[in-house]
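Chemist: Following is a predicted model, sequence given first.
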Amino acid sequence: MPVNVKYCALAIVGVPYRETSVKLSVAEVVKGLTSWDISNIDLKEKLHAFITKSQIESKNTDTGEVLLKYEDADVEYRVLINPDVVSVRSHIGQFLKSPSEHKLLAYGGHVLEGCGEWVLHDGVFSLQDLVEITNDIEVIEAMKAEGEGEVKNTLTLCTFESGPWNETTVAKQPFARVLDVKFNPGVTVPDTGLVESLENFLASHVLVQTAFECLKPSEFNTYIKITKPTVIVFPGSKGDSALFAVKGFAMLVGGGFGNRSTFWRLGCHVDRIDAVLVSHIGTENLLGLNAFLQRKIAEENVPEPGEKSSQEEVLLYSKLKNSPELGVVYVNCPSSRGKMTRNDSSLTVSASNEANYMLEHLRVLNIKPSPCLAIAGGQSVPTLTLYQKVGTGKLDMFVLNPTQNQKELQQFLLQWSGNKTFGSVKNGMKVGGKEVIVPISSYTSICALLIWYPASPSEPIIRVLFPGNAPQGRILDGLDRLKHLECLKHPHSTVDDPTGRKPLKKVEKSEKSSVNSSTNASEEGSHPPSVVNGSACDDGIHCNTP
């Protein structure tokens with residue numbers, strides 16, 4: 001409930017991805033707290049009181065979220081550490097509804113490159129999100145009541161200046177017409193001793209979760225057995241990932257957003273991921289993948305139980321080591337590392353920096369990235385057989401984009417190897433008479449078509465297109481080079497009837513019960529995968545996947 005005090009401050013510390021980011025994050029928050037230009041009270045005294053008298057109002061040991069609170073007759077301080085998106089929206093809404101005359105909203109933590117969106121452990125928070133909250137009827141009424149009279153109430157907003165988070169853009173927002181908004185006014189308390197004490201105090205409450213805490217081991221040491229072609233999409237707030245699987249083969253497409261990989265809850269029950277397709281280099285694609293790779297590295301450092309280890313220790317070891325085996329990783333990256341280095345001294349989450357982390361993780365895991373390119377100038381797309389097993393079927397992949405020696409690809413790899421911000425290019429299409437500009441990382445995105453040919457000639461051929469972030473024109477150009485494939489010319493196709501003219505085979509009652517007991521990834525199927533003890537991998541021929 002809103003507290004009737006004259007001064008109210010809400011500070012938010014974003015998700016700390018690494019130990020090096022803790023000090024940087026709390027420093028930004030302290031910069032905001034010490035920049036509050038308020039009169040009639042001693043700001044130093046109030047900050048000292050916050051350090052010595054604040055209490056933990058709530059704590060979530062599962063996510064690491066902590067809420068610190070201090071309140072007296074004049075001021076209320078709330079510091080929200082490592083919250084999720086829902087929690088941030090809720091606390092900001094309550095904060096804006098409070099009857100306080102002077103408010104301070106400060107953020108310290110990772111932000112996305114270019115747009116400045118606040119990075120939380122399950123998503124992001126943008127200026128548009130803040131505008132949406134201020135458009136709530138209750139918030140509008142509260143701000144109207146506060147803004148009446150000759151002098152407007154004040155809102156001091158302190159955050160990393162990037163994208164729309166700047167003084168000019170903030171001043172144009174609807175809430176700036178009701179409140180006197182001050183954006184990053186600058187430090188007003190130059191007491192270095194106080195600043196250091198405040199930073200140390202806040203840092204003591206910021207917990208960097210381990211790889212095993214972000215991607216928790218399952219309580220059940222079981223594997224999913226997939227018997228039919230299956231595509232599972234794992235939605236995320238900023239980026240999705242997908243798993244394509246057939247009997248004996250699984251491919252992960254993208255890693256999703258955040259350090260709690262969206263695919264993990266199911267992925268930890270897959271015994272092997274034979275291939276990973278990194279379609280494009282972007283933060284919405286790499287953060288989840290890096291979290292998975294970090295866990296793989298952490299598993300290698302888990303000590304094996306000895307002869308005198310307890311049953312509980314042996315069980316814990318088996319749970320911590322339960323991530324899927326990892327095969328080939330398809331990603332188009334520079335052949336030479338050049339100037340590519342990780343930057344641990346910045347809170348800006350950039351695609352190039354996350355890509356460098358990915359390459360470093362793969363190096364530690366002794367996995368060499370494999371390029372994924374289409375042949376330039378060809379009339380058709382060459383076939384890459386990913387998996388084949390007698391009696392089961394064959395899985396082919398056709399890479400539609402990018403092409404070898406593509407000038408945009410060479411430009412992209414040059415920017416990456418030079419640790420430069422990725423640029424943009426024209427995609428060759430016009431909208432309203434204007435050339436469409438797209439990020440170069442999207443223009444060079446991998447677009448791949450998977451075709452599953454089952455061993456049974458009467459079963460349907462399965463076609464799955466993973467477009468990545470490739471522009472529509474690039475996708476259509478690639479598909480045009482596959483027009484010779486008979487199975488792409490008809491809605492339904494089988495090995496013995498590529499044209500799909502024969503009537504579909506009716507499934508007998510006994511077959512239906514058998515199909516329903518396993519994962520069915522046909523176009524009608526939506527049954528959950530069955531779980532069995534032990535390994536689900538059937539030995540086959542994993543072409544191009546070690």
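Modeler: Okay, I see it.

Chemist: mind listing what's buried in the longest helix along the chain?
Modeler: Secondary structure of the chain per DSSP state H: the longest helix is helix 283-300. By 16 or more other Cβ atoms under 10 Å, the buried positions in helix 283-300 come out as 283-296, 298. From N, CA and C alone the C-beta is placed, and that goes for glycine too.

Chemist: what is the rounded mean pLDDT of it?
Modeler: Average pLDDT, helix 283-300: 93.

Chemist: Tell me the buried residues in whatever helix or strand comes next after it?
Modeler: Downstream of helix 283-300, the next assigned helix or strand under DSSP states H and E is helix 311-320. In terms of neighbour count (16+ other Cβ under 10 Å), helix 311-320 has its buried residues at 317, 319-320.

Chemist: What helices and strands are in contact with helix 311-320?
Modeler: Here helix 311-320 touches no other helix or strand, going by 3 or more Cβ pairs under 8 Å, 6 or more residues apart in numbering; DSSP states H and E.

Chemist: between the longest helix of the chain and helix 311-320, how many degrees?
Modeler: Orientation check (axes from the mean of the first three to the mean of the last three Cα atoms, to 10 degrees): helix 283-300 against helix 311-320 gives 150 degrees.

Chemist: Show me what helix 283-300 is packed up against.
Modeler: Partner elements for helix 283-300 (3+ Cβ pairs under 8 Å, 6+ apart): helix 211-214, helix 264-267, helix 351-364.

Chemist: State the separation between it and the centre of the chain it belongs to.
Modeler: 11 Å (Cα atoms, centre = their mean, to the nearest Å).

Chemist: quick one: that helix to helix 351-364, angle?
Modeler: 30 degrees.

Chemist: hey, C-alpha coordinates of helix 283-300 in CSV?
Modeler: Extracted in CSV, the C-alpha atoms of helix 283-300 (Å, rounded to 0.1, in the frame of the first residue of the first chain):
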residue,chain,number,x,y,z
THR,A,283,21.1,-11.2,-27.6
GLU,A,284,17.6,-12.7,-27.9
ASN,A,285,19.3,-15.9,-29.2
LEU,A,286,22.5,-16.2,-27.3
LEU,A,287,21.8,-15.5,-23.6
GLY,A,288,19.9,-18.8,-23.2
LEU,A,289,22.5,-20.7,-25.1
ASN,A,290,25.3,-19.3,-23.1
ALA,A,291,23.5,-20.2,-19.9
PHE,A,292,23.3,-23.8,-21.2
LEU,A,293,27.0,-23.9,-22.2
GLN,A,294,28.0,-22.4,-18.8
ARG,A,295,26.2,-25.3,-17.1
LYS,A,296,28.0,-27.8,-19.3
ILE,A,297,31.3,-26.3,-18.2
ALA,A,298,30.3,-26.3,-14.6
GLU,A,299,29.4,-30.0,-14.8
GLU,A,300,32.9,-30.8,-15.8
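
Chemist: residues in contact with whichever helix or strand Leu157 is part of?
Modeler: Using DSSP H and E, Leu157 falls within strand 154-158. For strand 154-158, contacts defined as Cβ atoms under 8 Å, 6 or more residues apart in numbering pick out 28, 31-32, 35-37, 101-107, 170, 175, 179-185.

Chemist: partners of that strand, with directions?
Modeler: Applying DSSP bridges, strand 154-158 is found paired with strand 102-108 (parallel), strand 180-183 (parallel).

Chemist: downstream neighbour of it in the secondary structure list?
Modeler: Heading C-terminal from strand 154-158 (DSSP H and E), you reach helix 167-171.

Chemist: possible to save the buried residues of helix 311-320 as a markdown table with pLDDT and distance to Asn343?
Modeler: Shown next, in a markdown table, are the buried residues of helix 311-320 (pLDDT from 0 to 100; distance: Cβ to Cβ, whole Å):
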| residue | pLDDT | distance to Asn343 |
| --- | --- | --- |
| Tyr317 | 78 | 35 |
| Lys319 | 79 | 34 |
| Leu320 | 83 | 30 |
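
Chemist: Dump the residues you listed into TSV; add distance to Val139 as well.
Modeler: Below are those laid out as TSV (distance: Cβ to Cβ, whole Å):
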residue	distance to Val139
Tyr317	51
Lys319	45
Leu320	45
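
Chemist: Let's verify the spatially closest residue to Phe422 that is not a sequence neighbour: helix, strand, or coil?
Modeler: The shortest distance from Phe422 to any non-neighbouring residue, by Cβ to Cβ, 6 or more residues apart in numbering, is to Ser441 (5.1 Å). Three-state call for Ser441 (DSSP: H, G, I helix; E, B strand; the rest coil): helix.

Chemist: what about Gln388, distance to Pro454?
Modeler: Distance of Gln388 to Pro454, computed by Cβ to Cβ, to the nearest Å: 12 Å.

Chemist: Nearest to Val88 among the strands paired with strand 154-158 would be which one?
Modeler: Comparison of those against Val88 by Cβ to Cβ identifies strand 102-108 as nearest, at 9.2 Å.

Chemist: returning to that earlier point: which among the buried residues of helix 283-300 gets closest to Cys214?
Modeler: Ala291 (5.6 Å).

Chemist: List the contacts of the residue nearest the centre of the chain.
Modeler: A centroid search over the chain (Cα atoms, centre = their mean) returns Phe257, at 0.4 Å, as the residue closest to the centre. By Cβ under 8 Å, 6+ apart, the contact set of Phe257 is 123, 236-239, 283-285, 287-288.

Chemist: If we use 6 Å, what do you get?
Modeler: Phe257 sits next to 236, 238-239, 284, 287 when contact means Cβ atoms under 6 Å, 6 or more residues apart in numbering.

Chemist: what does Glu219 give?
Modeler: Going by Cβ under 6 Å, 6+ apart, the list of residues near Glu219 is empty.

Chemist: what about 8 Å?
Modeler: Lys319.

Chemist: got it, and Gly428?
Modeler: 436, 471, 473.

Chemist: Also Gly186?
Modeler: Contacts of Gly186 (Cβ under 8 Å, 6+ apart): Ser35.

Chemist: Please report how far it lies from Leu104.
Modeler: Gly186 is 13 Å from Leu104, by Cβ to Cβ.

Chemist: Over to Pro303?
Modeler: From Pro303 over to Leu104 (counting by Cβ to Cβ), the distance is 47 Å.

Chemist: repeat for Tyr77
Modeler: 9 Å.

Chemist: In terms of neighbours, single out the busier of those two.
Modeler: Leu104 (26 against 23; other Cβ atoms under 10 Å).

Chemist: Going by distance to Glu313, which of the buried residues of helix 283-300 wins?
Modeler: Nearest member of the buried residues of helix 283-300 to Glu313, counting by Cβ to Cβ, is Ala298, at 17.1 Å.

Chemist: what residues are up against the closest residue to the closest one other than its chain neighbours?
Modeler: Leaving aside its sequence neighbours, Ala298 sits nearest to Ala211 (Cβ to Cβ, 6+ apart; 4.1 Å). Neighbouring residues of Ala211 by Cβ under 8 Å, 6+ apart: 291, 294-295, 297-298.

Chemist: swap in Glu132?
Modeler: Contacts of Glu132 by Cβ under 8 Å, 6+ apart: none found.

Chemist: What are the buried residues along whatever helix or strand it lives in?
Modeler: Here Glu132 sits within helix 127-134, counting by DSSP H and E. Residues of helix 127-134 classed as buried by neighbour count (16+ other Cβ under 10 Å): 127, 129-130, 133-134.

Chemist: In JSON lines: these, plus pLDDT and distance to Ser345.
Modeler: Below are the buried residues of helix 127-134 laid out as JSON lines (pLDDT from 0 to 100; distance: Cβ to Cβ, whole Å):
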{"residue": "Leu127", "pLDDT": "96", "distance to Ser345": "25"}
{"residue": "Asp129", "pLDDT": "96", "distance to Ser345": "28"}
{"residue": "Leu130", "pLDDT": "96", "distance to Ser345": "28"}
{"residue": "Ile133", "pLDDT": "94", "distance to Ser345": "32"}
{"residue": "Thr134", "pLDDT": "92", "distance to Ser345": "34"}
